[in-house]
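Asks: Here is the input, now give the coordinates:
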Amino acid sequence: MSRIKSLALLTLAVGVLSASLAFAQGSTETKPATETKPATTTATKSKSSSAHHSTKVDLNSASKEELAKLPGIGDAIADKIIAARPYKAKDELVSKSIVTKAEYKKFEAHVVAKQAPVASK
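Replies: As a prediction, this is how the structure comes out:
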């Protein structure tokens, strides 16, 4: 009986040691001095645009869903932005009291207020 207990304890100890070594290997992994980034294609950028917002969202033409994806903008603020269109400049969101300065700071880098082209006669 004591031989079975010893074998069980030894098996348990080996398991714990193996797990801790595996964990330690993952956490102490060193990164190369020069890290290369994978090449990005246009298709990759468009897929990740919601996460990185590589293309700016136009306040004058964006849908409610596009606006709501921006940091700090929910459905209610998106509705306010749409209701107060058109905008000559993106900072009009603050001057028209659509959002506070603190809210504006969260998404200002991700938006633009494009002007509609002037129709020539």
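Asks: Can you find the helix or strand of this protein with the lowest average pLDDT?
Replies: Within the chain, confidence by mean pLDDT, DSSP states H and E is lowest for helix 42-47 among all helices and strands, at a mean of 43.
Asks: so who does Ala116 touch?
Replies: 60, 86 (CB atoms under 8 Å, 6 or more residues apart in numbering). The way it works is simple: take the backbone N, C-alpha and C, and place the C-beta from them, glycine included.
Asks: next one: Lys88
Replies: Per CB under 8 Å, 6+ apart, neighbours of Lys88: 113, 115.
Asks: do you know how far it is from Glu66?
Replies: To Glu66, Lys88 is 20 Å away according to CB to CB, to the nearest Å.
Asks: before we move on, what about Ala83?
Replies: Distance of Ala83 to Glu66, given as CB to CB: 16 Å.
Asks: Which of these two has more residues huddled nearby?
Replies: For Ala83 versus Glu66, neighbours defined as other CB atoms under 10 Å are more numerous around Glu66 (15 against 8).
Asks: what's the helix or strand for the more buried one?
Replies: helix 64-68 (DSSP states H and E).
Asks: ok, Gly72 touching Phe107?
Replies: Yes: Gly72 is in contact with Phe107 according to CB atoms under 8 Å; the separation is 5.4 Å.
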